[in-house]
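Enquirer: only geometry, no sequence info:
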């Protein structure tokens, strides 16, 4: 294992220190590295809290700031943060308007956020939860009952974050978050494995000429292991899986997110975007919004995911609204 | 070689098509994929043109837009664009205010931009050139006489781009670009090689426990091949090389850019930022501006570079000025 680290025990805290120093105008670090919070909180606003295992950067701390999350709890790599972290974050960001938890559907995250929600409720803080499960690849997985929450989570965080900024209450935010999650589908493909620092070797073995179709963001198995194919063929299968999974088959306006897993050159991501756009147009979609880059990563995995969100006027308006976070920024 | 491509012959054009489709609000593609230009040109403004081999994305096309470049010419991977491309771009963006070429110091780029400048002059277009050479690692290299131009190039493009937007003339822009280049130093380290699609195998061999200190952005040799060390030790050596190379030893306000080469997780880049900031503070610097991410890449190389620009009030103000490009965006 070759990594730019000092020791596996300090990689997370040293990285968080660097992150909060580099973005000190936007974020602040909680005590004991328990959470990253928005530096300028907005009293009375419903607050948004997310979190999960580290190794998916910039998700989630990179999305803390104006128009998106109020705080994010980083767990150890690919490990859920603790209820203690979540409660500390909830107390730090509670402005009296209630808190919405945005939780990717993995058993550890779901259990810990549920516990934190009960603890917060005992302190008189109203908590609701949106659970994301946009990955169409498989129905149950290594760490998941039901579908996995993957890159679509950032779309939920952006759209709900903009709504929260505009003063919408927590119950309406939960309903909006559920609608955006319902309108979102993703699928990934891996060319290589990732390597977790504390493990020191690749999470899975994969041959020189093989790819994992439908891989999870922790390197969980996907639908099938196949030989490397041309990008157009890979993308055609991914887009067909996504488009075919929507109940509504008519197409329409959509957001297309091509997300790199960490080790994929931008050149390849844009090539995939080009192929995915063409395929989606064949399915009747018009790509109204686009995002291409490393947003929900799997450490140093090579590969990418495709996410499609069906847009209505409300979702489109909130997507376009100003955002000022370390990893997404426009309009301010 | 595992890459998300259809064929090595079409990777560049398909990627450019995807790039221009994803960012159609900001950029437009020139005929025959010769260049990427700013969609909304500003008549009378001195225009900025850059370019170079592809494989370093988002450099340069990702920096086309308001407050930065007016056009960028993409060559084949790690290959200079042609004078013909540069002339077509110059003609497309010429608004009567002259054109500044920003050229990384590699022999092919220098020669071709010089030829294009002469061809443009024959057509009555005033052309001046800033040559970037911020890499302190080695004095001459595989493709370079003198020092290589690396990630510091984006700092020059940003600061000069903001000045151009404010209406500064081309001669003053050249002088500013030269000053920023003079105030900028970089050094890189590679953990793995990159793989050029048309070659199909890694550019260089490197052992499981080895790193290349001072690597170039095409995988050119650096200062020395050493065993993997803790990140703090690697960064200490890089920062000492950078700080020691400035004539002015007193430190002062600086911009710190930690740039990923393409396959380095964000977690490691922020850890390196944390270490570099501490080291620079020991050398008397105050980190007034920060940028962390994949900006000047080497395809799928793992590793990163550290860039330091000494800031005066003018450079700081232009750095902070609004920019709206695919890869850098703030203030708009």
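Expert: All right, it came through fine. Here the structure is a predicted model, which is why all the values come from computation and not from measurement.

Enquirer: in the helix or strand hosting residue A:269, which residues are buried?
Expert: Using DSSP states H and E, residue A:269 maps to helix A:266-282. Under the neighbour-count criterion of 16 or more other Cβ atoms under 10 Å in any protein chain shown, helix A:266-282 has A:266-280 buried. For the C-beta atoms, the positions are set from N, CA and C on the backbone; glycine is no exception.

Enquirer: do the same with stretch A:199-211
Expert: Buried residues in stretch A:199-211, counted by 16+ other Cβ under 10 Å: A:202-204, A:206, A:211.

Enquirer: close to chain B, is that stretch?
Expert: Yes. Using Cβ under 8 Å from any Cβ of the partner chain, we find that stretch A:199-211 touches chain B at A:208-209, A:211.

Enquirer: hmm, who's touching that stretch?
Expert: Under the contact criterion Cβ atoms under 8 Å, 6 or more residues apart in numbering or on different chains, stretch A:199-211 has outside partners A:1, A:8, A:189-196, A:212, A:218-219, A:221, A:225-229, A:234, A:303, B:2.

Enquirer: so which elements touch whichever strand or helix holds residue A:186?
Expert: Using DSSP H and E, residue A:186 sits in strand A:184-190. Under the contact criterion of 3 or more Cβ pairs under 8 Å, 6 or more residues apart in numbering or on different chains; DSSP states H and E, strand A:184-190 touches helix A:152-165, strand A:210-213, helix A:231-245, strand A:303-310.

Enquirer: quick one, which of those is nearest to residue B:62?
Expert: strand A:303-310 (17.4 Å; Cβ to Cβ).

Enquirer: what are the buried residues along whichever strand or helix holds residue A:13?
Expert: Using DSSP H and E, residue A:13 sits within helix A:11-22. Using 16+ other Cβ under 10 Å as the burial criterion, the residues of helix A:11-22 that qualify are A:11-12, A:14-22.

Enquirer: intersect the residues you listed with the contacts of chain B.
Expert: Among the buried residues of helix A:11-22, the ones lying near chain B by Cβ under 8 Å from any Cβ are A:11-12, A:14-19, A:21-22.

Enquirer: dump the residue contacts of the closest residue to chain B within the stretch 1-150 of chain A.
Expert: The stretch 1-150 of chain A approaches chain B most closely through residue A:18 (3.1 Å), counting by Cβ to the nearest Cβ. Contact analysis of residue A:18 by Cβ under 8 Å, 6+ apart lists B:269-275, B:277, B:292.

Enquirer: how about a cut-off of 6 Å?
Expert: B:270-271, B:273-274 (Cβ atoms under 6 Å, 6 or more residues apart in numbering or on different chains).

Enquirer: now swap in residue A:256 and tell me
Expert: Taking Cβ under 6 Å, 6+ apart as the test, what residue A:256 contacts is A:287, A:290.

Enquirer: again, only this time at 7 Å
Expert: By Cβ atoms under 7 Å, 6 or more residues apart in numbering or on different chains, the residues touching residue A:256 are A:273, A:276-277, A:280, A:287, A:290, A:308.

Enquirer: roughly how far apart are it and residue A:286?
Expert: As judged by Cβ to Cβ, to the nearest Å, residue A:256 and residue A:286 stand 10 Å apart.

Enquirer: neighbours of residue A:241, how many?
Expert: Using other Cβ atoms under 10 Å in any protein chain shown, residue A:241 has 18 neighbouring residues.

Enquirer: again but with residue A:119, I slipped
Expert: Residue A:119 has 17 nearby residues by other Cβ under 10 Å.

Enquirer: so it belongs to a helix, correct?
Expert: Yes. Membership of residue A:119 in a helix is supported by DSSP: H, G, I helix; E, B strand; the rest coil.

Enquirer: now do the same contact list for the closest residue to residue A:224 other than its chain neighbours.
Expert: In space, and not counting its chain neighbours, residue A:224 is closest to residue A:213: 5.4 Å by Cβ to Cβ, 6 or more residues apart in numbering or on different chains. Residue A:213 is in contact with A:189, A:222-224, A:226, A:237, counting by Cβ under 7 Å, 6+ apart.

Enquirer: same check, this time on residue A:121
Expert: By Cβ under 7 Å, 6+ apart, residue A:121 lies in contact with residue A:127.

Enquirer: 10 Å instead?
Expert: Shown in contact with residue A:121 (Cβ atoms under 10 Å, 6 or more residues apart in numbering or on different chains): A:90, A:127.
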